[in-house]
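Novice: Sequence first, then the predicted structure, then my questions.
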Number of protein chains: 2
Amino acid sequence: MNAIIISVGDELVLGQTVDTNSAWLSRQLAAAGCAVSAHLTVPDDQRAIERAIRESIGSCDYLIISGGIGPTEDDLTRQALAGVMGVPLEMNERWLGQLREFFEKRGRPMPERNRIQAMIPRGAEMIWNHAGTASGIRATIDEELIAIAAMDDLYFHIGTTADDRKSQIANHRCEVFVLPGVPKEMMLMFQRDVLPHIERRGGGACILSRTLHTFGMGESAIAEKLGELMTRGRNPSVGTTVSGGQVSLRINARFQSRAEAEAQVAAAVAACHERLGDLIFGEEDQTLQEAVATLLRERRKTVVTAESCTGGLLAKFLTDVPGSSAYFTGGWVTYANEVKAAQLGVSPALIEQDGAVSEAVVTELAQRALGRSGADHALAISGIAGPDGGTADKPVGTVWIARAARAEQKSEARRFLFPGDREMIRDRAAKMALAMLRYHLLGRPMPF
Amino acid sequence: MNAIIISVGDELVLGQTVDTNSAWLSRQLAAAGCAVSAHLTVPDDQRAIERAIRESIGSCDYLIISGGIGPTEDDLTRQALAGVMGVPLEMNERWLGQLREFFEKRGRPMPERNRIQAMIPRGAEMIWNHAGTASGIRATIDEELIAIAAMDDLYFHIGTTADDRKSQIANHRCEVFVLPGVPKEMMLMFQRDVLPHIERRGGGACILSRTLHTFGMGESAIAEKLGELMTRGRNPSVGTTVSGGQVSLRINARFQSRAEAEAQVAAAVAACHERLGDLIFGEEDQTLQEAVATLLRERRKTVVTAESCTGGLLAKFLTDVPGSSAYFTGGWVTYANEVKAAQLGVSPALIEQDGAVSEAVVTELAQRALGRSGADHALAISGIAGPDGGTADKPVGTVWIARAARAEQKSEARRFLFPGDREMIRDRAAKMALAMLRYHLLGRPMPF
């Protein structure tokens, strides 16, 4: 069972609005066991909408269209669907009555142009809108109509003969649902009148997903460790995505029953943990800062920060988490060299000799932050975030990070070279400092 | 001149990631006078990617594909494009060398699977990636190849004869650009190596857009001030969008010549400035922090920060801007009350009496930060970011912000109640502190 989603709107193809409807619909459909094979976004243009519908109905069981059913001249989805079905639009008197009532209640006569919102293609069903003025539409496109559309769309013949094609569409039917583009109205209508229908037809089939996050190792290194778990076509499948320096694992399982899907996902998650161990710091919405916060809380430890190039970002990360006062009391943003001396007493001679971006200075920053606070752990960062300030020896992206602990004699300092622009370099540096603390709290060496 | 955008990724069709790339690309293309006729989103499936490419090349001048060029097995865009072009993938030795160097610099050998990131279809050009390991691809699909694809995709014949079709594709060529799916890398590559090309080919009709940013006043208040400038159907049109506490004005003008579009946009921008005055702090990608940075630099002034609930975010904002050392030397993150006393000498009795979130304490923080630094201006923030810690008197979202200046006797402190969650409250508080400094530097009272 599969679906295609079409979003209609000039604002979408112009990029003025980001299409969040398709992602939301995809998640709902997947959870109901209905795979989504494509999203299409087209402008408020009847021909473009018709083409998108024709291209889709032959290759999906459900076609979900959102948008283009408002009261204005540029709302043309009703007309396009009627065009593909080869039928006229007809007034739905029930919804027209509802519309009139809606406006009366608000003490206004119904504007003439709202009448279109009660019109649906002949032979289609009206779907009640519990949050707005646009009625939805449900229509069944049968084998015959698909064949007509296919005359215009021989595309998916590739490598197949006309007879193959005929047998492909034999008994195929596509249910089309037209929903409002306004997210609130779309969601309500989908959940009330579309989802139950799909769940009935699904018969329990279920797609479950889980996401695991890693930080610090590249995508290809992670993929190597995962090995055959990532082989294409496996079920559950394991894929990787990269965002904000994190490599995340997406596990998708598609099975006939929820119970089986759950068991298989759990097994795949366990296999990923076995291969990657501590590299996985969290799941789903969990952030690296939350993982570190949890460790600090569990161990009843606190941390202090001294930041140069990250300019407060590490402290900001540490305080992203509600209740962060349990482990973070404060820190220093020592951006200028004079401030490193004035606030934390780092020797100007040392800065002069080794430079602010050096093992000696970053270690001093961490040690002195520890000394001037009551914290158990200290993190210090000094680097060149760019775009200027790089040298052959210390190019832009060079960052020294130090970690010190009250319970240890020696602190740990490492030099990194982060790629990207100023924002990326600062982000990766602050996250790497968190990662250094995390591995220390776990009592394990950093694997990267 | 028109374009189609294809986004590739299982995470997109599964709805686990919202496709923001297509919207961004659409805005860039529109600004270059290139209309976008559709977005397509397909899974990491070679056949689906090939089909999307075949369906598109006959009906657009530019095909922009993002995603599917990572190093793992589920990255199949290179293979799909080669498939459509009917050519093999070939190693680009230049990028392979670059890749090896990238890994060597990081003291690691290049994983074998990264080799694929240097492979491009025979006859295509490699595009340099300045922020990651995946090379981009530029390929020209000519009339002949389009005709072959069209044999499989007779769709856009609708209502046309085979001869019409032939004349349609005669002399048609489609430029295909394959970009990374990681937004940062995609944006950088698009701006450096795709946009200039499109702009050159552009010439004639032109859609121009301008965005103006305001902070501090609500959307409906801004709309009221703009009045009839926002009437639908006007050209240029003026619309508002809200993001990150900012209300932004989008001005779109569609005219036959670039000169006319530019003149009309300039007039609309002037009209907006006339209505909104200082409320507009910047344009396009300019941030509030950049606006403040520019004012500080022009006036050769410096600023110091003392933050409680924002935990370093204000300092982070101030150092977002390259060259921020010209006006920012450092700051304090005084998250816990003891640290407010220890680092800045705020009297514990005062904190005890008025609470940390109070006019007296935030004023002390600002004054003492000023006293302990050589800065000209100081900003201090103390508030309740939640989710816990609110009271009837001081609910979650209550934030006191103080601004002090060496040249003034009196400091200024204001209480705000910011809506939203922890992240929003912290973001708005730090931005409001910037806004207070901005109005002070402009020598004008805050209009909100």
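Specialist: Done, it's in.
Novice: where does the stretch 151-300 of chain A dip in pLDDT?
Specialist: A:151-170, A:202-204 (pLDDT under 70).
Novice: For it, which segments are assigned as helices?
Specialist: In the stretch 151-300 of chain A, the segments counted as helices under DSSP state H, counting those that start in this stretch are A:162-169, A:183-189, A:195-202, A:219-226, A:258-276, A:288-298.
Novice: contacting residues around the longest one?
Specialist: This means helix A:258-276. A:204, A:206-210, A:212, A:214, A:222, A:225-227, A:229, A:235-236, A:238, A:249, A:251, A:253-255, A:280 (C-beta atoms under 8 Å, 6 or more residues apart in numbering or on different chains). From N, CA and C alone the C-beta is placed, and that goes for glycine too.
Novice: which ones among these are found in strands?
Specialist: Within the contacts of helix A:258-276, residues falling in strands by DSSP state E are A:206-210, A:212, A:214, A:238, A:249, A:251, A:253-255, A:280.
Novice: Just give me the closest of those residues to chain B.
Specialist: Using C-beta to the nearest C-beta, residue A:209 is the member of the ones in strands among the contacts of helix A:258-276 that lies nearest chain B, at 6.5 Å.
Novice: and the closest one, what does it touch?
Specialist: When contacts are counted by C-beta under 8 Å, 6+ apart, residue A:209 touches A:30, A:250, A:251, A:252, A:253, A:265, B:14, B:16.
Novice: ok, of those residues, which come out buried?
Specialist: Buried residues within those, counting neighbours by 16 or more other C-beta atoms under 10 Å in any protein chain shown: A:30, A:250, A:251, A:252, A:253, A:265, B:14, B:16.
Novice: The second one and residue A:211 touch, don't they?
Specialist: What that stands for is residue A:250. Yes: taking C-beta atoms under 8 Å as the definition, residue A:250 is a contact partner of residue A:211 at 5.4 Å.
Novice: joint contacts of these two?
Specialist: residue B:16.
Novice: re earlier: select only the buried ones of the contacts of helix A:258-276 in PyMOL?
Specialist: Under the burial definition 16+ other C-beta under 10 Å, those of the contacts of helix A:258-276 that qualify are selected in PyMOL by:
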select buried, chain A and resi 206+207+208+209+210+212+214+222+225+226+229+236+238+249+251+253+254+255+280
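Novice: In a markdown table, list the ones in strands among the contacts of helix A:258-276 along with distance to residue A:78.
Specialist: Putting these into a markdown table (distance: C-beta to C-beta, whole Å) gives the following:
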| residue | distance to residue A:78 |
| --- | --- |
| A:206 | 34 |
| A:207 | 31 |
| A:208 | 36 |
| A:209 | 34 |
| A:210 | 40 |
| A:212 | 44 |
| A:214 | 48 |
| A:238 | 42 |
| A:249 | 43 |
| A:251 | 40 |
| A:253 | 38 |
| A:254 | 34 |
| A:255 | 38 |
| A:280 | 49 |
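Novice: and which of those residues is nearest to residue B:413?
Specialist: Closest approach to residue B:413 among the ones in strands among the contacts of helix A:258-276 (C-beta to C-beta): residue A:214, at 44.5 Å.
Novice: beta partners of that closest one?
Specialist: Applying DSSP bridges to residue A:214 yields these beta-bridge partners: residue A:247, residue A:280.
Novice: cool, and residue A:383?
Specialist: Bridge pairing for residue A:383 - DSSP bridges - gives residue A:399.
Novice: For it, the count of nearby residues, please.
Specialist: Neighbours of residue A:383 under the rule other C-beta atoms under 10 Å in any protein chain shown: 28.
Novice: How about the contacts made by it?
Specialist: A:308, A:309, A:310, A:357, A:397, A:398, A:399, A:400, A:416, A:418, A:425, A:429.
Novice: ok, now residue A:425?
Specialist: Here residue A:425 is in contact with A:309, A:383, A:385, A:386, A:396, A:397, A:399, A:418, A:419 (C-beta under 8 Å, 6+ apart).
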